[in-house]
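K.L.:
Need a 3D model of the following:
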Amino acid sequence: MRERGMLQWIDHYSPGRIVVPKSPLQYHGMSQMTGVPNARLVEHKRETYGGVLGLSNSEML
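P.N.:
Modelled structure (predicted):
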């Protein structure tokens, strides 16, 4: 994978800098998609509970 350029380094919030595989999809004239670390466990809590479910801040506790 390294010889074919299929690996990339990303900065992850927990273990730090890690190497991950790139997407195998490559389209002519388009830049390669870059990897991003997964979201933290409660990172999207306000969006989900507040935006989608309509709960207030006090109801989210």
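K.L.:
Tell me where the protein has helices.
P.N.:
Remark: helices of the chain, listed N- to C-terminal, are 45, 57-60; assignment by DSSP state H.
K.L.:
For the longest one, what does the pLDDT average out to?
P.N.:
The pLDDT scores in helix 57-60 average 79.
K.L.:
What ranges in this structure fall below the confidence cut-off?
P.N.:
For the chain, the stretches flagged by pLDDT under 70 are 61.
K.L.:
which residues of it fall in strands?
P.N.:
Secondary structure of the chain, counting by DSSP state E: strands at 7-12, 16-21.
K.L.:
From the chain's centroid, how far away is the first one?
P.N.:
When distances are taken as C-alpha atoms, centre = their mean, to the nearest Å, strand 7-12 is centred 11 Å away from the chain's centroid.
K.L.:
can I get the CA coordinates of it in PDB?
P.N.:
This file holds the C-alpha atoms of strand 7-12, laid out as PDB (Å, rounded to 0.1, in the frame of the first residue of the first chain):
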ATOM      1  CA  LEU A   7      -1.600   5.500   2.800                       C
ATOM      2  CA  GLN A   8      -1.900   8.900   4.500                       C
ATOM      3  CA  TRP A   9      -1.100  10.500   7.800                       C
ATOM      4  CA  ILE A  10      -3.900  12.100   9.900                       C
ATOM      5  CA  ASP A  11      -3.900  13.800  13.300                       C
ATOM      6  CA  HIS A  12      -6.300  11.900  15.600                       C
END
